[in-house]
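Participant: can't give you the sequence, but here's the structure:
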């Protein structure tokens, strides 16, 4: 699933390409995606895109009538900017025709994505989410307040979008490795001296990935079809049995909440 760096990469690209553009046509190809749009997507027609925002893993396309077009990529979703006459790949669910005949296409083979046109006002889909992991307000003190009230293991804590929005399985594993913290440790038992390093590890991991356009395994590409290149920089994720880059002990794998967790049993405590 695309996580914060991948979604932010797409947001930055789309902001550059579609801000100020008018949506001249909507080709909605009904499919069973996640969620139901409160308003018909056809009403995107004749609207101008004011800006493209993000919260956690959600893209929020702000329109000139104060409505919001909400996009979540799910597991395999792509939001691609296409030149006139570009061949259409399979699994297209929505095509927005822009001025100059360019298109914005939503593609999702597994159909776990979400497309919603929302009325003016607060966005209910993100209202219960926690602070964005790259928000300036995500400080050591803020993290400390969240950790202190959590009985969950650290890995599960980092994946809880109601606490911190945007971190998924890849970056939870990598941030915990950088901070030298065990994914099994209870969040509320994180040593005070480790809270600052954990916050810094989260932010640095996300920014390092963002600088390389995110991490691509099978599906993720940016808004013009380029894969991210952070895969080669991963220290532990999907590296079971490989030597830890820090202490050379073999990277281990365990299952937490039905998800694989990768960590070093030698230097993560």
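Facilitator: Structure received. Given the structure is predicted, the values throughout are model-derived calculations rather than measurements.
Participant: right, and residue 215 touches residue 209 too?
Facilitator: Yes: counting by CB atoms under 8 Å, residue 215 touches residue 209, with 5.9 Å between them. C-beta: built from backbone N, CA, C; applies to glycine.
Participant: common neighbours of these two, please.
Facilitator: Common neighbours of residue 215 and residue 209, using CB atoms under 8 Å, 6 or more residues apart in numbering, are 5, 228, 230.
Participant: quick one: the first one is in a helix?
Facilitator: Yes: note on residue 5: a helix contains this position according to DSSP: H, G, I helix; E, B strand; the rest coil.
Participant: burial of it, as a residue count?
Facilitator: Per other CB atoms under 10 Å, the neighbour tally for residue 5 reads 28.
Participant: that one contacts residue 220, doesn't it?
Facilitator: No: contact between residue 5 and residue 220 fails when scored by CB under 8 Å: they sit 9.9 Å apart.
Participant: mind giving me the domain split of the protein?
Facilitator: Under the assignment automatic domain parsing, the domains of the chain span 4-127, 131-263.
Participant: tell me the gap between the first one and the middle of its chain.
Facilitator: Going back to what we said before, that points to domain 4-127. Domain 4-127 has its C-alpha centroid displaced from the chain centroid by 15 Å (CA atoms, centre = their mean, to the nearest Å).
Participant: likewise stretch 258-269?
Facilitator: On the basis of CA atoms, centre = their mean, stretch 258-269 sits 22 Å off its chain's mean C-alpha point.
Participant: could you pull out the buried residues of that stretch?
Facilitator: Neighbour-count burial for stretch 258-269, counted by 16 or more other CB atoms under 10 Å, picks out 261, 262, 263, 264, 267, 268.
Participant: give the contact list for the closest residue to residue 238 other than its chain neighbours.
Facilitator: Nearest residue to residue 238, sequence neighbours excluded (CB to CB, 6 or more residues apart in numbering): residue 262, at 6.4 Å. With contact taken as CB under 8 Å, 6+ apart, residue 262 is in contact with 173, 236, 237, 238, 239, 240, 251, 252, 253.
Participant: am I right that residue 262 is in a strand?
Facilitator: Yes: secondary structure of residue 262 (three-state DSSP): part of a strand.
Participant: how close does it get to residue 229?
Facilitator: 19 Å (CB to CB, to the nearest Å).
Participant: quick one: contacts of stretch 235-254?
Facilitator: 169-170, 173-174, 177-178, 183-184, 260-267.
Participant: same question, stretch 27-35
Facilitator: Outside of stretch 27-35, the residues within contact range by CB under 8 Å, 6+ apart are 41-42, 72, 74, 92-97, 108, 111-116, 125.
Participant: which of the residues you listed count as buried?
Facilitator: With burial judged by 16+ other CB under 10 Å, the buried subset of those is 41, 72, 74, 92-97, 108, 111, 113-116, 125.
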